[in-house]
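Peer 1: Let me see the structure of the following:
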Amino acid sequence: MKKYIYLLITILIFASCTEDVKFNNPAFQGLKDNVFWRAQSYKATILTNGSLVLEGSLGYEKVILRLPVVSQKTYTLGINDVATASYSNILPSQLEEFTTGKNKGNGEIVVTEYNAETKTISGTFKFNAANVEDSNVEKTGVNFAEGVFYKIPITSNMTINN
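Peer 2: Okay, here's the model as predicted:
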């Protein structure tokens, strides 16, 4: 009889242990200046010229990653204007914009998975972007590290204003 009581207690203990797991699928997140940053909304768009624009937004903040083509590879930032990353905050009291480009900033965007069937894209990013306003000596740049975009849905054949 004692064995059954111990068995019942053991089963109740293990049955009462639950784990609340929250999946972040899809996701667009990273460390902005060493502080966790997660986009509330995100999208990926293949433009008519075949280039890809990934966007993640959090309130007034926006991160935009631009790639010349959609393929699984590593794109180096800061060499030219073909692959770029930018961050902007349009809150009037905190208005700022940072970008990479030809001889400006550095970093990389790695596309680890492009699924043409489900129309999703995944990968990682990290970049140091320079302030577009050269006269701003208070905040000359922004850093994103350990960035991840995971299974972001892709739309196609749209144009975007630069």
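Peer 1: Spatially nearest residue to K32 (excluding sequence neighbours)?
Peer 2: Excluding the flanking residues, the one nearest K32 by Cβ to Cβ, 6 or more residues apart in numbering is F144, at 5.6 Å. Placement of C-beta: from N, CA and C, glycine included.
Peer 1: Name the helix or strand for the one you found, please.
Peer 2: Assigned by DSSP states H and E, F144 belongs to strand 141-158.
Peer 1: where exactly do the helices run in the protein?
Peer 2: Along the chain, the stretches classed as helices by DSSP state H are 2-16.
Peer 1: For it, which residues score under the pLDDT cut-off?
Peer 2: Scanning the chain for pLDDT under 70 picks out the ranges 1-24, 157-162.
Peer 1: Any buried residues in stretch 60-67, and which?
Peer 2: 61-67 (16 or more other Cβ atoms under 10 Å).
Peer 1: List the contacts of the residue nearest the centre of the chain.
Peer 2: What sits nearest the mean C-alpha location of the chain, by Cα atoms, centre = their mean, is F28, with 3.5 Å. Applying Cβ atoms under 8 Å, 6 or more residues apart in numbering to F28 gives the contacts 38-39, 42, 54, 56, 63, 148-150, 152.
Peer 1: In PyMOL, select just the buried ones from these.
Peer 2: Only the buried entries of the contacts of F28 go into this PyMOL selection, using 16+ other Cβ under 10 Å:
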select buried, resi 39+42+54+56+63+149+150+152
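Peer 1: Wait, N25 touches V148, no?
Peer 2: No - contact criterion Cβ atoms under 8 Å: N25 and V148 do not qualify, at 11.4 Å.
Peer 1: Could you save the buried residues of stretch 60-67 as JSON lines and add columns showing distance to L47?
Peer 2: Below are those laid out as JSON lines (distance: Cβ to Cβ, whole Å):
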{"residue": "E61", "distance to L47": "23"}
{"residue": "K62", "distance to L47": "17"}
{"residue": "V63", "distance to L47": "18"}
{"residue": "I64", "distance to L47": "13"}
{"residue": "L65", "distance to L47": "13"}
{"residue": "R66", "distance to L47": "9"}
{"residue": "L67", "distance to L47": "10"}
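Peer 1: I'd like to know which of the residues you listed are part of strands.
Peer 2: Using DSSP state E, the members of those that fall in strands are 61-67.
Peer 1: Strands of the protein, residue ranges please.
Peer 2: Using DSSP E, the strands found in the chain span residues 27-32, 35-38, 41-47, 52-58, 61-67, 74-77, 84-89, 96-99, 106-115, 120-131, 141-158.
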